[in-house]
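*Asks:* Structure here, sequence nowhere to be found:
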């Protein structure tokens, strides 16, 4: 009976993924702002409203290469009834008109060039005899108009895109290439953006080797630091790699102290209940920490807390499981949203698709299963195939996946042929999903 009771209480203290994420997000806030040059600010969150100091375009300008005219002077013009006008000037893009357009005349004009006073339409050069004149050597002092135009034809009015004083970009937008182009168009060289979080990464364990070290009996290479640091970078953080902490108090303390200058600390391994390990001891001494069981597979064990930095800050810390697959799956669910919140984003969900399972997903203990899957699209429908054995130690299964197929907590199995939600880890360019 006691055994049974123990089992059910164990289940109660399991947190849902949502509850765990909500607690973590409660401890992180958007970071302060900094000035960056435009290209350096790509992907960051704008921290100011930007207003336009100018009208864009600044003046009425031509939408075509052609001839600025008074539209009334083209009445009745056609290929059979060309109207010939003297050409009294030329305006290049970026040049100002040096004269007004007189009635009964035309001025040669390039796309984007300001419309001369007196003109109210532009005849594109295709609707004139320009090409024939050039090929026959007839000279360009006159031009024959072969198409009637109406008032405003091929004119782009001043301020059509932006008016002086308009808010062109609001605080909170993510600066993509289009937004950076808009900033440049209103003469901004720099932008005030929320700075990127520095995220320290620490692997722990005597069994770990750095890539490049000679292999040794019972030792494995540290996959987690690199996988996690790459994920930090991918989602907009700046990774600070602390290396490997050995299983002794001094080394663990020293490495963790290096991480206290960061905005967030991520450790891997040493967070399972009952693990005897020094990370736990040091974390307990340096701050507050809670060990959670999250109702998910892989990645049930998770630690979360804050560490006291020498400057008085409290650095949030997320302790990921040691299994490389578990670490990356948990990173996506918990660390990625924390980084995005620090970056000033407000939307944390991964993109999802509904996909038909090609394989069944087994669920034997009431956790939410995140199964590594390859999503493809055929005849307008998404299909998800599992990437082989789902053991949380098999990192190559993660490398082959572009999504995580979700089996809800309350189902013991999702058979092949069922449709389920798949979190997309990637939208592969070549699969054209």
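*Replies:* Sure thing, it's come through. Just so it is clear, the model here is predicted, and its values are computed rather than measured.
*Asks:* How about the secondary structure of residue 282?
*Replies:* helix (DSSP: H, G, I helix; E, B strand; the rest coil).
*Asks:* wait, it sits on residue 251?
*Replies:* No: using Cβ atoms under 8 Å, residue 282 makes no contact with residue 251, being 9.8 Å away. Placement of C-beta: from N, CA and C, glycine included.
*Asks:* Between the two, tell me which one has more neighbours.
*Replies:* For residue 282 and residue 251, the more surrounded residue by other Cβ atoms under 10 Å is residue 282, and the numbers stand at 25 against 17.
*Asks:* Tell me, what's the model's pLDDT at the more buried one?
*Replies:* Residue-level confidence at residue 282 comes out at 83, pLDDT.
*Asks:* got the contact list for it?
*Replies:* By Cβ atoms under 8 Å, 6 or more residues apart in numbering, residue 282 lies in contact with 249, 252, 253, 256.
*Asks:* Now do it against residue 62, distance only.
*Replies:* Separation of residue 282 from residue 62 (Cβ to Cβ, to the nearest Å): 70 Å.
*Asks:* Then residue 154?
*Replies:* The spacing between residue 154 and residue 62, counted by Cβ to Cβ, is 6 Å.
*Asks:* Could you tell me which residues touch both of those two?
*Replies:* Common neighbours of residue 154 and residue 62 are listed as residue 122 (criterion: Cβ under 8 Å, 6+ apart).
*Asks:* Among the two, which residue is more densely surrounded?
*Replies:* Using other Cβ under 10 Å as the criterion, residue 154 and residue 62 rank with residue 62 on top: 25 against 19.
*Asks:* so who does the more buried one touch?
*Replies:* Residue 62 touches 68, 109, 110, 111, 112, 113, 115, 122, 154, 155, 156, counting by Cβ under 8 Å, 6+ apart.
*Asks:* same thing with residue 281?
*Replies:* Contacts for residue 281 (Cβ under 8 Å, 6+ apart) come out as 249, 252.
*Asks:* Same check on residue 240?
*Replies:* Shown in contact with residue 240 (Cβ under 8 Å, 6+ apart): 198, 199, 200, 201, 259, 261, 262.
*Asks:* In terms of distance to residue 16, which of those ranks first?
*Replies:* Taking Cβ to Cβ as the measure, residue 16 lies nearest residue 199 of the contacts of residue 240, at 24.7 Å.
*Asks:* what number of residues lie near the closest one?
*Replies:* For residue 199, the neighbour count with other Cβ under 10 Å is 28.
*Asks:* need the next SSE after the helix or strand containing it, C-terminal direction.
*Replies:* Using DSSP states H and E, residue 199 sits in strand 198-204. Next in sequence after strand 198-204, counting helices and strands by DSSP H and E, comes strand 208-209.
*Asks:* Run through who's touching the next helix or strand after that next one.
*Replies:* Per DSSP H and E, the first helix or strand lying C-terminal to strand 208-209 is strand 220-221. Under the criterion Cβ under 8 Å, 6+ apart, residues 207, 208, 209, 210, 211, 213 lie in contact with strand 220-221.
*Asks:* Repeat that for stretch 408-420.
*Replies:* Contact partners of stretch 408-420, identified using Cβ under 8 Å, 6+ apart, comprise 16, 295, 354-364, 366-368, 384, 405-407.
*Asks:* Pull up the pairing partners for the top strand by length along the chain, direction included.
*Replies:* Ranked by residue count and defined by DSSP state E, the top strand of the chain is strand 368-378. Strand 368-378 has its sheet partners listed here by DSSP bridges as strand 296-297 (parallel), strand 381-386 (antiparallel), strand 403-407 (antiparallel).
*Asks:* Now do the shortest one, average pLDDT.
*Replies:* This predicted structure assigns strand 296-297 an average pLDDT of 95.
*Asks:* Renumber starting at 418 from here on
*Replies:* Yep, numbering from 418; the last one is strand 713-714 now.
*Asks:* before we move on, the earlier item: are any of the contacts of strand 637-638 buried, and which?
*Replies:* With burial judged by 16 or more other Cβ atoms under 10 Å, the buried subset of the contacts of strand 637-638 is residue 625.
*Asks:* rewinding a little: so of the strands paired with strand 785-795, which one's packed in deepest?
*Replies:* Scoring those by mean neighbour count under mean count of other Cβ atoms under 10 Å gives strand 820-824 as the most buried, with a mean of 24.
*Asks:* Where does residue 597 fall, secondary structure wise?
*Replies:* Per DSSP H and E, residue 597 falls inside helix 594-602.
*Asks:* Could you tell me whether residue 710 really is in a strand?
*Replies:* Yes: judged by three-state DSSP, residue 710 forms part of a strand.
*Asks:* Please read off the pLDDT at it from the model.
*Replies:* At residue 710, the model reports a pLDDT of 93.
*Asks:* What is the burial count for it?
*Replies:* Counted with other Cβ under 10 Å, residue 710 comes out at 17.
*Asks:* ok, for it, nearest residue in space, not its chain neighbours?
*Replies:* residue 431 (4.6 Å; Cβ to Cβ, 6 or more residues apart in numbering).
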